[in-house]
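Asker: okay, sequence plus prediction incoming.
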Amino acid sequence: MADLITVDDPDDPRLSDYTGLTDVELRRRREPAEGLFIAEGEKVIRRARQAGYEMRSMLLSAKWVDLMRDVIDEVPAPVYAVSPELAERVTGYHVHRGALASMQRKSLPAADELLRTVRRVAVTEAVDDHTDIGAVLPLGLQERTGQCRIAIFEDIVDHANLGAAFRNAAALGVDAVFLTPRCADPLYRRAVKVSMGAVLAVPYARFESWPRDADVIRKDGFVLAALALSPSSITLDELADRRYEKLALMLGTEGEGLSAGALLAADEHVRIPMDAGVDSLNVAAASAVAFYATRPRSA
């Protein structure tokens, strides 16, 4: 059972995990280095615990203490009770959800290790936006028959987009996500928040070298399909009709799309047919369309 500790000093060192949460550059450097991430809101905190993440501490305003009582009773980590005003001074913003938790990160698996443990993979080249992710499946991998899918996100640096894309992956049954080295941190607070905790439900790994590591995916039997506008592209419906047993969907960074190296590494180029003179979608929206269109179907 955790101790409930009332804190009234914003400079109290015990609150250091929560300081400067609006300083993106600081938190992007600090959190991975210190092995922590911030879960915001009751649902996300509960999902983090369900996914097996260890809690370092929790920061609650008074009205959230009773709502989180079961969590307080179950975890050994300290729980700090603060006023809304003090929480804002510490974090740098109004914590309207009233509940924050500092969680311990887990070690990421290597790409080839993750491939051995999942049956479907989604590849994303460069997603850094953490706000566009959809609904979450029950935590943990779901055993499926038939097609396996993974996603590769290349260089996605917007945290809202990255979070939304992870949410789409969880909701639409993608088995795993692979990130290129320049992709944003999916455990950054905004990404976790936008995903509604989906980043905690989908297994993921980060490539060490891209696009060279595309060979790791191909050697495992996956067809690499790049979402891109190119003269040789097929439609998404055509890709779905081919029903590849192992399919890796590649999505690129906001604006520029997939890199030239990624396009060369791909086995297929795929486009989403559009009307009204629109040539592309936001990467999070495109991921939702692609994940839905290629979902496994009964014969």
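Answerer: Done, it's in.
Asker: what ranges do the helices span in the stretch 51-200 of the chain?
Answerer: With DSSP state H, counting those that start in this stretch as the criterion, the stretch 51-200 of the chain has helices at 69-74, 84-91, 111-117, 159-171, 189-194.
Asker: how about TSV for those, with distance to residue 254 added?
Answerer: Any C-beta I mention is one placed from the backbone N, CA and C, and that applies to glycine too. As requested, the helices of the stretch 51-200 of the chain are exported to TSV (distance: least, Cβ to Cβ, whole Å):
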stretch	distance to residue 254
helix 69-74	36
helix 84-91	27
helix 111-117	23
helix 159-171	6
helix 189-194	14
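Asker: quick check: which of those helices is buried the most?
Answerer: Ranked by mean neighbour count under mean count of other Cβ atoms under 10 Å, the helices of the stretch 51-200 of the chain are led by helix 159-171, which reaches a mean of 31.
Asker: poorly predicted segments of this protein, please.
Answerer: Along the chain, the parts satisfying pLDDT under 70 run over 1-2, 119-146, 298-299.
Asker: for residue 21, what are its contacts?
Answerer: Residues in contact with residue 21, defined by Cβ atoms under 8 Å, 6 or more residues apart in numbering, are 27, 38, 91, 92, 93, 189.
Asker: ok, it to residue 186 distance?
Answerer: 17 Å (Cβ to Cβ, to the nearest Å).
Asker: what of residue 223?
Answerer: From residue 223 across to residue 186, the span is 25 Å (Cβ to Cβ).
Asker: who's more crowded, those two?
Answerer: Taking neighbours as other Cβ atoms under 10 Å, residue 223 and residue 186 compare with residue 186 leading, 29 against 17.
Asker: what is the burial count for the closest residue in space to that one that isn't next to it in sequence?
Answerer: Sequence neighbours aside, residue 199 is the residue nearest to residue 186 in space, at 4.4 Å (criterion: Cβ to Cβ, 6 or more residues apart in numbering). With neighbours defined by other Cβ under 10 Å, the count for residue 199 comes to 32.
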